[in-house]
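> sharing a model that was predicted from the sequence below.
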Amino acid sequence: MTEQRTPQQAAADWYLSLREDPDGEDLKVRFEQWLIEDDAHAEAWARMNATATRINSAAALYRSAHVAERRAEPTNQRSRRHLRRFFLPVAAVAAMGAVVILNGSDLLLRLRADYVTPVGDTRDLRLADGSTVTLAPHSAIAVETNSEGRSVRLLRGEALFDVRHDAARPFRVMAADVEATDIGTLFDVSMEDNATMVAVRQGKVHVRDPGKADRDLQAGEWIRVSDDVVTGTMPPNAIGAWRDGALIANDQTIAQVMASLRPWSKARIVLTSQALGEKRVTGTYDLHKPEASLRLIVGPYGGTVKSVTSWFDFVSGR
């Protein structure tokens, strides 16, 4: 059994790559070759462009409706009634457009991904080669397995990999520009903002990012790659502890701990105090009770958590 990229997933990858590097001649040549390889590729590309057009059209409608509403200054009640009849339908369409705009990147990600998890939920996957992957909440991966090798691209979030070692078919995980290659191992890969982190729970992993990192990691070692490279160690059992619902903080800033908590919370966590975010905490918190854990994290520093409906949790300092 093999797991191959579908034409629609490949089309989404090409769309994002061409947007990121519109002047890349080599990229254009490879894209043209892919496009003519199979009629299904051309069909998938046409569908991808239709999706992008709908997203862009919704964005333009939203902007034009917003500008028109701001310019409108009715001078009497009759004109107000007329404008309300006109703008309410437009506002409804604009709101729909805003949803499309906000979720456009998520839509493209879902087209690229083989597996996606929502906020608050994990997922255990067994790949065709017998390796297992546990996806953290609000995460996504794309998988490709063939006779030559096995690869997983982490598109968002975090995942714990328990790899069935096969020297003839290396197992690679890509996240942004970082590539982690299994050398018989259990390891965690996560993405946050512009940083990628790899941490090894068992065995050994080779981590490579051209021009930045090229090294082996042993059990208990981790590396964080962004504009710079930071390495460190931690108890191996703490790596991937989120799989069991535990958030382990070891002298981390509150802002960092909150970032780890956000994928587990249905409410959007908003930090309103930079000073509070810079305070450091150490402890173990329950990821399945994000709001209670949030109060435990900020409480010792006088921080408060105010819930506004079920959508937002605002975290403030003294």
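Structure's in. What do you need? Owing to the predicted nature of the structure, the values given are computational and were not obtained by experimental measurement.

> name the nearest residue to V281, ignoring sequence neighbours.
A249 (5.2 Å; C-beta to C-beta, 6 or more residues apart in numbering). C-beta: built from backbone N, CA, C; applies to glycine.

> can you name the element that comes right after the helix or strand L217 falls within?
Per DSSP states H and E, L217 falls inside strand 213-218. Counting by DSSP H and E, the element after strand 213-218 in chain order, helix or strand, is strand 221-225.

> ok, residues contacting that following strand?
177-178, 195-200, 207, 209, 212-213, 215, 217, 229-234, 239 (C-beta atoms under 8 Å, 6 or more residues apart in numbering).

> try 7 Å this time
For strand 221-225, contacts defined as C-beta atoms under 7 Å, 6 or more residues apart in numbering pick out 178, 195-200, 207, 209, 212-213, 217, 229-234.

> likewise for stretch 193-203?
So stretch 193-203 is contacted by 175-176, 178, 180, 183-190, 205, 207, 217-226, 236, 239-240 (C-beta under 7 Å, 6+ apart).

> report the mean per-residue pLDDT for it.
Mean pLDDT, stretch 193-203: 92.

> pull the CA coordinates from that stretch and hand them back as PDB.
C-alpha atoms of stretch 193-203 as PDB (Å, rounded to 0.1, in the frame of the first residue of the first chain):
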ATOM      1  CA  ASP A 193       5.300  31.400  14.400                       C
ATOM      2  CA  ASN A 194       8.600  31.300  12.500                       C
ATOM      3  CA  ALA A 195      10.300  28.600  14.600                       C
ATOM      4  CA  THR A 196      10.600  24.900  14.200                       C
ATOM      5  CA  MET A 197      11.500  22.600  17.100                       C
ATOM      6  CA  VAL A 198      12.600  19.000  17.100                       C
ATOM      7  CA  ALA A 199      13.000  17.000  20.300                       C
ATOM      8  CA  VAL A 200      14.000  13.300  20.700                       C
ATOM      9  CA  ARG A 201      12.300  11.100  23.300                       C
ATOM     10  CA  GLN A 202      14.000   7.800  22.200                       C
ATOM     11  CA  GLY A 203      16.700   6.900  19.800                       C
END
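
> pull out the buried residues from that stretch.
Neighbour counts over stretch 193-203 (16 or more other C-beta atoms under 10 Å) mark 195-203 as buried.

> can you give me how far it is from the chain middle?
Put simply, stretch 193-203 sits 15 Å off its chain's centre (C-alpha atoms, centre = their mean, to the nearest Å).

> ok, stretch 197-215 next?
Chain-centre distance of stretch 197-215: 20 Å, with C-alpha atoms, centre = their mean.

> would you map the helices across this protein?
Along the chain, the segments classed as helices by DSSP state H run 7-20, 25-37, 39-71, 77-112, 254-261, 274-277, 290-298.

> worst mean pLDDT among those?
Looking at these, the weakest mean confidence is helix 77-112, a mean of 49.

> contacts only, for P263.
119, 136-138, 157.

> what sits against R169?
Counting by C-beta under 7 Å, 6+ apart, R169 makes contact with 148-150.

> quick one: the residue nearest to I36 when sequence neighbours are not counted from Q9, how far?
With sequence-adjacent residues excluded and distances taken as C-beta to C-beta, 6+ apart, I36 is closest to A42, at 7.6 Å. Per C-beta to C-beta, to the nearest Å, A42 is found 15 Å from Q9.

> who's more crowded, the two?
For A42 versus Q9, the count of surrounding residues by other C-beta atoms under 10 Å is larger for Q9: 18 against 15.

> related to what we said a few turns ago, list buried residues within the contacts of stretch 193-203.
Neighbour-count burial (16+ other C-beta under 10 Å) is assigned, among these, to 175, 178, 180, 183, 185-190, 205, 207, 217, 219-226, 236, 239-240.

> which non-adjacent residue is nearest the residue nearest to the spatial centre of the chain?
With distances taken as C-alpha atoms, centre = their mean, the residue of the chain nearest its centroid is R156 (2.5 Å). In space, and not counting its chain neighbours, R156 is closest to A140: 4.6 Å by C-beta to C-beta, 6+ apart.

> bridged to that neighbour, which residues?
V116, R156 (DSSP bridges).

> again, but for R126
Beta-bridge partners, per DSSP bridges, of R126: T132.

> I'd guessed it sits against T132; true?
Yes. R126 lies in contact with T132 (C-beta atoms under 7 Å); the separation is 5.4 Å.

> when those two are compared, which one has more neighbours?
T132 (14 against 10).

> distance check, that one against A44.
Separation of T132 from A44 (C-beta to C-beta) stands at 30 Å.

> picking that back up, of the buried residues of stretch 193-203, closest to S17?
T196 (18.4 Å; C-beta to C-beta).

> bridge partners for the closest one, pull those for me.
Under the criterion used (DSSP bridges), T196 bridges to M191, V225.

> kindly report the same for R280.
In this entry, R280 is beta-bridged to T253, by DSSP bridges.
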